[in-house]
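Participant: This is the structure alone, sequence omitted:
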């Protein structure tokens, strides 16, 4: 249900500028500002809905009493950092390999989220602040809604494929499709054709949100699965921090500030992630793809065992 609501929210949010332009009095340009009016009002509406959701949840959701445990002994910061370093070194081999895949994957996504909208707007030959520019921005929002909608549908398809094929195979193929779709944006001459590229990206997005976590769930102890999943999210954050620091300078120096080549670079980054994914080694002794889903099964024997493998 959570994934359903997230997907639905992402689709509606991406469509909101287009919706406001066609079904409200907000039309055309940006009133002399760089951000189109429909985008600004979409953010205002999103902020109101977000606060309303938080307030509603706070007032209507009850929690079970917290089980009080003895406080852990105080440890200095250096000791905690040392413990974290030891934990990182002791990560399961598959998790360390996936960390590299995650770096290139999420660097690609972060680049996409920053540069796709201005790339599409500038590719339309429109001028900043005009009605044509606003329409191009709205079309970029439609593209984002398409890849989120396709991801929702593809997640069910991938779940079915996971019963026959390995998570590793599914993920590297999906990343290859997504990376190729991003690179194709450079060569498309029709705005409608962008939707096909976004469909390819949606397949990759569905896999990104599921397959790496399924692989980890199959090899870590059940009692520590929450810890490892939280630690794995570090490899989602790090590439975005790196991207925040370097992408602007990279685009300025290498591409003279042009956005479309950055979308191609995002595709290349995702293809690198796919290539690394194809090289991920399997747990020792694995010789068959898992027949049960490692996240949704209640059988603890399907986790923390070396009897699972990821290649087919």
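Facilitator: The structure has been received and is ready for your questions. None of the values given here were measured: they were computed from a predicted structure.
Participant: Could you pull out the helices in this protein for me?
Facilitator: 2-23, 37-60, 77-89, 93-123, 131-161, 167-184, 193-208, 211-217, 225-232, 234-255, 260-278 (DSSP state H).
Participant: Out of the ones you listed, which gets the lowest mean score?
Facilitator: When the helices of the chain are ranked by mean pLDDT, helix 77-89 comes last with a mean of 65.
Participant: Same list (the helices of the chain) but as TSV, adding mean neighbour count.
Facilitator: Yep, even glycine has a C-beta here, placed from its N, CA and C like the rest. Listed next are the helices of the chain as TSV, based on neighbours: other C-beta atoms under 10 Å:
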stretch	mean neighbour count
helix 2-23	16
helix 37-60	13
helix 77-89	10
helix 93-123	21
helix 131-161	20
helix 167-184	24
helix 193-208	23
helix 211-217	24
helix 225-232	15
helix 234-255	14
helix 260-278	22
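Participant: Enumerate every residue touching residue 14.
Facilitator: Shown in contact with residue 14 (C-beta atoms under 8 Å, 6 or more residues apart in numbering): 141, 142, 143, 144, 145, 148.
Participant: and if we set it to 7 Å?
Facilitator: Neighbouring residues of residue 14 by C-beta atoms under 7 Å, 6 or more residues apart in numbering: 141, 142, 144, 145, 148.
Participant: Do I have it right that the first one meets residue 17?
Facilitator: Yes - in terms of C-beta atoms under 7 Å, residue 141 counts as a neighbour of residue 17; the distance is 4.9 Å.
Participant: Now residue 205: closest residue in space that isn't a chain neighbour?
Facilitator: residue 151 (4.1 Å; C-beta to C-beta, 6 or more residues apart in numbering).
Participant: oh, I was asking about residue 175
Facilitator: residue 274 (3.6 Å).
Participant: I'd say that neighbour and residue 179 touch.
Facilitator: Yes - between residue 274 and residue 179 there is a contact under C-beta under 7 Å: 6.0 Å.
Participant: Report the contact partners of the residue nearest to residue 175.
Facilitator: Applying C-beta under 7 Å, 6+ apart, the residues near residue 274 are 172, 175, 176, 179.
Participant: Could you dump those residues into JSON lines with distance to residue 207 added?
Facilitator: Shown next, in JSON lines, are these (distance: C-beta to C-beta, whole Å):
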{"residue": "172", "distance to residue 207": "9"}
{"residue": "175", "distance to residue 207": "7"}
{"residue": "176", "distance to residue 207": "10"}
{"residue": "179", "distance to residue 207": "12"}
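Participant: Of those, which is the nearest to residue 132?
Facilitator: Set against residue 132, the nearest of those by C-beta to C-beta is residue 179 (30.0 Å).
Participant: Isn't that closest one up against residue 270?
Facilitator: Yes - using C-beta under 7 Å, residue 179 is in contact with residue 270, at 3.5 Å.
Participant: So the residue nearest to residue 175 versus residue 36, what's the distance?
Facilitator: 35 Å (C-beta to C-beta, to the nearest Å).
Participant: now residue 109
Facilitator: Between residue 109 and residue 36 the computed distance is 23 Å (C-beta to C-beta).
Participant: Check residue 17 too.
Facilitator: From residue 17 to residue 36 the distance is 7 Å (C-beta to C-beta).
Participant: which residues do the two both contact?
Facilitator: residue 137.
Participant: Pop out the phi and psi values for residue 256.
Facilitator: phi 60, psi 30 (degrees, to the nearest 10).
Participant: going forward can the numbers begin at 14, since that is how I track them
Facilitator: With the count now opening at 14, the last piece we talked about shows up as residue 269.
Participant: Can you give me the distance of it to residue 200?
Facilitator: Taken as C-beta to C-beta, the span from residue 269 to residue 200 is 20 Å.
Participant: Repeat that for residue 154.
Facilitator: From residue 154 to residue 200 the distance is 22 Å (C-beta to C-beta).
Participant: can you check residue 50 too?
Facilitator: 32 Å.
Participant: ditto for residue 63
Facilitator: 37 Å.
Participant: go on, residue 267?
Facilitator: 20 Å.
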